[in-house]
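Participant: Output the structure for:
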Amino acid sequence: MTNKPRILLVSHQFTPLVSPRTTRWAILCEELAERGYDVTVVTGTKQGKQSSNKYKVIYFGSKRVGSLIEKTRRASSTSEKNNLVKKCFFYILKKIYRLFYRTLAWPDYSMFWFFSVRRNIKNIPEYDLIISVSLPFTSHLVAYSINKKLGKKWIMDIGDPFTLKKDAPENNKYLFSLLNKYFEKKFYQSANKVVFTHEESLMYHNNYFPILDGKSTVLPPVFSINENTLTENFDFSKHPLKFAYFGVLTFGVRTPHNFLAFFDILELNGVELHWYMNEDSKKMVKDASSTSINNIFHDMVPRKEALSLMLSEYHALLNIGNTNPFQLPSKVIEYISTGKPIIHFSEINNDSTELILGVRSNTIIISGNSKPDVIKREINDKLFADNDITAVEKYSSRSVADELQKLI
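Facilitator: Below you'll find the model as predicted:
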């Protein structure tokens, strides 16, 4: 028996889905379980083979509806393999699906998960502490519903803005802006602690929601310490040079247009840009790229495979900054853990990512004002491994779990 609190994590997204939030909490759940906490995850992400036996994952959701949506996404994403009729059918179906959710869904695309959890609420085990993770914001709605009568300690983890997300909003802001603000404020009032991944996001929310004063804090992005022998042994002199981007792009938040325009000016012959992303992001790159850039596209891969590829296949890792300082590209922390050179394109002057990457000896920071000759020289000079993670130790799984444990 243990006197440590039993933890219930409520997160619509979880592994095996690949996203910054699923990576963050899979790592932290492992860390908490190893420290003797009884951790249960309630999720709307269908589970395959259990990746960890240290904590329990419970899936609530409609398998038939979820399967239909997944098939629609997959079919429309693999248009090359489909005949023209099937391609058109799934394209139209996908457009209808998106139109419905963007127009009528509240609080976001995962709204029906709320009802799936409510139907199964008797199957949720007893807990002493509940943690909810967004995005999607529905996770907080579910946690509030579960915890309303019990009144147990509640920690909210805010991955991205909800009410304050002006570009690429989670729902129809013309219909739901007042409702968004009302419920976000209501949940902040009910929660015991609200955590953000970096200071800029915390201050942005505190200024808009004064109720957060005294109960908000920073819980940084997290990475697992890796064995970087592959990076140490990597032959940076081999050709062609291969740079890789892992993640998604979002209109209004993170787009490739300015980076690709600058990269085209560099005229780096024999360089391959490898993109691991979803189909919508691939289309953004294709639409923004000139024919002189050698783009090679891949489907998104699980985190473990992505890390292996980063270490063994690529000379440098590419990051594209957000168009606002309030959302931090969490993949940067994972990039650092590999020791590989990082090429970062800043979209704004006050890019918070630069503060993290600036301490690295093999970081190449680019902006629209950068001089091409300088950047070409840096790419030539900085293709080497830097496995010193002293400056970013606070982002290690052990350090972040220590900070989380203080909140528990």
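Participant: can you pull out the strands in the stretch 101-250 of the chain?
Facilitator: Taking DSSP state E, counting those that start in this stretch as the criterion, the stretch 101-250 of the chain carries its strands at 129-134, 153-158, 193-196, 216-218, 241-246.
Participant: what's the shortest one packed up against?
Facilitator: Using 3 or more CB pairs under 8 Å, 6 or more residues apart in numbering; DSSP states H and E as the contact criterion, the secondary-structure elements in contact with strand 216-218 are strand 193-196, helix 199-208. In this view, the C-beta of every residue, glycine as well, is placed from N, C-alpha and C.
Participant: now, of the strands of the stretch 101-250 of the chain, which is deepest in the fold?
Facilitator: strand 129-134 (a mean of 26; mean count of other CB atoms under 10 Å).
Participant: For that one, list the C-alpha coordinates in CSV.
Facilitator: This file holds the C-alpha atoms of strand 129-134, laid out as CSV (Å, rounded to 0.1, in the frame of the first residue of the first chain):
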residue,chain,number,x,y,z
LEU,A,129,-6.1,13.9,-7.9
ILE,A,130,-7.4,14.7,-11.3
ILE,A,131,-5.3,16.2,-14.1
SER,A,132,-6.8,17.4,-17.4
VAL,A,133,-4.8,18.1,-20.6
SER,A,134,-5.6,20.4,-23.5
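Participant: quick one, it and strand 153-158 angle?
Facilitator: Calculated by axes from the mean of the first three to the mean of the last three CA atoms, to 10 degrees, strand 129-134 forms an angle of 20 degrees with strand 153-158.
Participant: Quick one: mean pLDDT for strand 129-134?
Facilitator: Averaging pLDDT along strand 129-134 gives 97.
Participant: Adjacent strands (with direction) for it?
Facilitator: strand 7-10 (parallel), strand 153-158 (parallel) (DSSP bridges).
Participant: Compare the ones you listed and give me the one nearest Phe384.
Facilitator: strand 153-158 (35.6 Å; CB to CB).
Participant: I'd like the strands paired with strand 129-134 written out as JSON lines, with distance to Lys215 and mean pLDDT added.
Facilitator: Shown next, in JSON lines, are these (distance: least, CB to CB, whole Å; pLDDT from 0 to 100):
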{"stretch": "strand 7-10", "distance to Lys215": "18", "mean pLDDT": "98"}
{"stretch": "strand 153-158", "distance to Lys215": "9", "mean pLDDT": "97"}
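Participant: low pLDDT regions in the stretch 101-250 of the chain?
Facilitator: 225-230 (pLDDT under 70).
Participant: Now for Asn294, how many residues are close by?
Facilitator: 15 (other CB atoms under 10 Å).
Participant: Kindly report the same for Leu99.
Facilitator: 10.
Participant: What of Asn350?
Facilitator: That count, for Asn350 with other CB under 10 Å as the rule, works out to 10.
Participant: From what I see, it and Pro325 are in contact.
Facilitator: Yes - assessed by CB atoms under 8 Å, Asn350 is found in contact with Pro325 at 4.9 Å.
Participant: continuing past the helix or strand containing Leu307, what's the next helix or strand?
Facilitator: Secondary structure from DSSP states H and E places Leu307 in helix 303-313. As assigned by DSSP H and E, the chain's next helix or strand after helix 303-313 is strand 316-320.
Participant: Could I have the CA atoms of that following strand written out in CSV?
Facilitator: These are the backbone C-alpha positions of strand 316-320, laid out as CSV (Å, rounded to 0.1, in the frame of the first residue of the first chain):
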residue,chain,number,x,y,z
ALA,A,316,20.2,18.5,-38.9
LEU,A,317,16.6,18.9,-37.6
LEU,A,318,14.3,21.7,-38.8
ASN,A,319,12.0,23.7,-36.7
ILE,A,320,9.6,26.5,-37.8
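Participant: which strands and helices sit next to it?
Facilitator: Against strand 316-320 (3+ CB pairs under 8 Å, 6+ apart) you get strand 241-246, helix 331-338, strand 342-345.
Participant: before we move on, the earlier item: tell me the buried residues in the helix holding Leu307?
Facilitator: Arg303, Ala306, Leu307, Leu309, Met310, Leu311 (16 or more other CB atoms under 10 Å).
Participant: These: which two are farthest apart?
Facilitator: Pairwise distances across these peak at 12.7 Å for Arg303 and Leu311 (criterion: CB to CB).
Participant: Just put the strands paired with strand 129-134 in CSV and tack on distance to Phe246.
Facilitator: Output for those, formatted as CSV (distance: least, CB to CB, whole Å):
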stretch, distance to Phe246
strand 7-10, 24
strand 153-158, 22
